[in-house]
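In: take a look and give me a structure for this.
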Amino acid sequence: MNILAIGPHPDDIEIGCGGTLIKYALQGHDVFLLIITRGEMGGDGDIRYREQLTSAGIIGAREVFWGGFRDTELL
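Out: Numbering: from 1, shown residues only. The predicted structure follows:
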């Protein structure tokens, strides 16, 4: 099964359903993440970007996609 988790900021997916995604990845399912912003209003966007990539590796995500929108400017 292909699973796409979508979150507005780095770490939102992990807080909301990280454990479930790990479970599915360990069962052999393909997990993908889509992060809409880098969350730069809540901290350094570059740091949050790197932390997200590290977290995706822990989850077992095959790929992280980025929406490229600035935090708080998505209409």
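In: isn't there a strand covering H9?
Out: No: going by DSSP: H, G, I helix; E, B strand; the rest coil, the assignment for H9 is coil, not a strand.
In: residues contacting it?
Out: Residues in contact with H9 (C-beta atoms under 8 Å, 6 or more residues apart in numbering) are I35, I36, T37, R38, G39, G42, R48, D71. Quick note: C-beta positions are derived from backbone N, CA and C, even for glycine.
In: one more: M1?
Out: Taking C-beta under 8 Å, 6+ apart as the test, what M1 contacts is Y24, H29, D30.
In: buried among those? Need that as a selection in ChimeraX.
Out: In ChimeraX, this line selects whichever of these come out buried by 16 or more other C-beta atoms under 10 Å:
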select :24
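In: on that earlier part again, any of the contacts of H9 buried? List them.
Out: I35, I36, T37, R38, G39, R48, D71.
In: the first one belongs to a strand?
Out: Read it as I35. Yes: counting by three-state DSSP, I35 is located in a strand.
In: tell me the pLDDT at it?
Out: For I35, the pLDDT comes out at 98.
In: wait, it touches G67, no?
Out: Yes: with contacts counted by C-beta atoms under 8 Å, I35 reaches G67, the gap being 6.7 Å.
In: and the helices in the chain?
Out: With DSSP state H as the criterion, the chain has helices at 12-26, 45-59.
In: so which of the ones you listed gets nearest N2?
Out: With C-beta to C-beta as the criterion, N2 lies closest to helix 12-26 of these, at 10.2 Å.
In: just how off-centre is that closest one within its chain?
Out: From the chain centre to the centre of helix 12-26 is a distance of 10 Å (C-alpha atoms, centre = their mean, to the nearest Å).
In: helices or strands next to it in the packing?
Out: Under the contact definition 3 or more C-beta pairs under 8 Å, 6 or more residues apart in numbering; DSSP states H and E, helix 12-26 sits against strand 2-7, strand 30-37, helix 45-59.
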